[in-house]
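In: Build me a structure from this.
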Amino acid sequence: MLSWLGYPTPVLGQGITQGTIVRADTHEPVPYASVGVKGKPLGTVANEVGLFRLQPLEQALPTDTVIISCVGFMAQKRLAAELRQHPAILLTPQATQLTEVAVRHGKLRPQVLGREGTGGMAHWSNWAPKDSLPKDKRGWEVGTFLTPSDNCFVDAFSLYVELNNFRFVRFRVMLYAVEENRPTTPLTNQDMQFVLGDQHTGWVKVDLRPYNLHLKKDQKIALALQWLDNDEPMTKGKHLSVPAAFPDPFHRAYVRDKSQAQWQLYPVSPSMNLSVQSYQD
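Out: Residues are numbered from 1 along each chain as shown. Prediction:
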């Protein structure tokens with residue numbers, strides 16, 4: 001697996017090997033934007049200065065559509081052939097939407113949406129045979145469906161990690177609307193990122209109160225993690241793993257390899273949840 005420090009620099013007479021993603025208004029870099037081939041498990045994620053490698057898109061057909069997207073920006077579409085020739089992308093920021101709920105209700109009740117258990121027969125993981133390195137996970141997403149029984153404010157996201165050999169992994173927390181049992185459009189244009197560092201295992205909790213997220217009663221949502229970046233693995237074999245209850249007839253987890261790949265559903269419940277403050281009207 002290549003680190004971002006290993007980006008090749010284009011040389012006159014050689015093919016273009018990387019692209020750039022910047023803001024359309026200021027031309028500043030857009031960090032950790034997703035680059036994915038529509039409907040296929042091909043793509044990558046830009047680094048902290050908006051650079052991305054073209055190599056993960058090599059298997060795309062010239063007529064395939066590549067979608068470049070990031071939370072808080074309007075997505076751009078390019079044909080794969082066009083992107084290879086002109087891999088400079090301008091993303092236009094989306095206008096920030098004011099929340100409809102400005103003041104918290106006086107009678108709030110703590111509640112957890114999702115799984116709090118730490119065991120399970122299933123595991124989602126960054127895995128490879130003991131004699132090889134795992135494939136590039138940048139752009140990979142995993143998540144679960146949640147439905148609040150009352151109106152609520154979101155306080156935190158929690159994830160249980162049972163195995164981790166990375167010095168750091170950067171994730172993005174995603175909340176999607178749900179249609180026909182599939183995640184669709186993001187519910188917020190705020191970029192919620194966190195770093196899992198120092199081979200951390202056990203529960204990790206991410207404070208989401210600064211984002212002032214509000215969920216409505218019986219609103220079905222999809223809670224997901226998107227893998228953005230990581231260091232080189234310290235060892236070979238299995239590297240990062242999260243347990244899940246299996247089989248679970250009442251829950252579904254969903255996974256996709258890259259940002260525009262098809263969602264795959266499984267009858268499991270991963271150890272991830274939202275802490276909320278619920279209230280009744």
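In: Which helix or strand contains Pro243?
Out: Using DSSP states H and E, Pro243 maps to strand 240-245.
In: Please work out the average pLDDT along the helix or strand following that strand.
Out: Where DSSP H and E defines the elements, the next helix or strand beyond strand 240-245 is strand 253-256. For strand 253-256, mean pLDDT rounds to 92.
In: Just name the shakiest helix or strand of this structure by mean pLDDT.
Out: Sorting the helices and strands of the chain by mean pLDDT, DSSP states H and E puts strand 122-126 at the bottom, at a mean of 76.
In: ok, and what's touching that strand?
Out: 134, 137, 142, 162-163, 227, 238-246, 253, 255, 266, 268, 270 (C-beta atoms under 8 Å, 6 or more residues apart in numbering). C-beta coordinates here come from the backbone N, C-alpha and C atoms, glycine included.
In: In the strand holding Pro243, which residues are buried?
Out: Residues Leu240, Ser241, Val242, Pro243, Ala244, Ala245 are the ones in strand 240-245 that count as buried (16 or more other C-beta atoms under 10 Å).
In: Between strand 122-126 and that strand, find me the angle.
Out: Put simply, strand 240-245 runs at 160 degrees to strand 122-126, going by axes from the mean of the first three to the mean of the last three C-alpha atoms, to 10 degrees.
In: Return the list of helices and strands in contact with strand 240-245.
Out: For strand 240-245, the elements it packs on are strand 122-126, strand 151-161, strand 163-164, strand 269-270, judged by 3 or more C-beta pairs under 8 Å, 6 or more residues apart in numbering; DSSP states H and E.
In: Just checking: what are the partner strands of that strand?
Out: Strand 240-245 has its sheet partners listed here by DSSP bridges as strand 122-126 (antiparallel), strand 163-164 (antiparallel), strand 269-270 (antiparallel).
In: mean confidence for the next helix or strand after the last one?
Out: Past strand 269-270, heading to the C-terminal end, the next element that is a helix or strand (DSSP H and E) is strand 272-279. The predicted model assigns strand 272-279 a mean pLDDT of 96.
In: buried set for strand 272-279?
Out: Under 16+ other C-beta under 10 Å, the buried positions of strand 272-279 are Met272, Asn273, Leu274, Ser275, Val276, Gln277, Ser278, Tyr279.
In: residue ranges for the helices of the stretch 51-200 of the chain, please.
Out: For the stretch 51-200 of the chain, helices defined by DSSP state H, counting those that start in this stretch occupy the ranges 80-85.
In: Look up how far Ser271 lies from His239.
Out: Taking C-beta to C-beta, to the nearest Å as the measure, His239 falls 17 Å from Ser271.
In: hmm, I was thinking of Ala253
Out: Ala253 is 11 Å from Ser271, by C-beta to C-beta.
In: Overlap in contacts, these two.
Out: By C-beta under 8 Å, 6+ apart, the residues touching both Ala253 and Ser271 are Ala244.
In: In the stretch 1-150 of the chain, where is pLDDT below threshold?
Out: 1-14, 96-105, 126-135 (pLDDT under 70).
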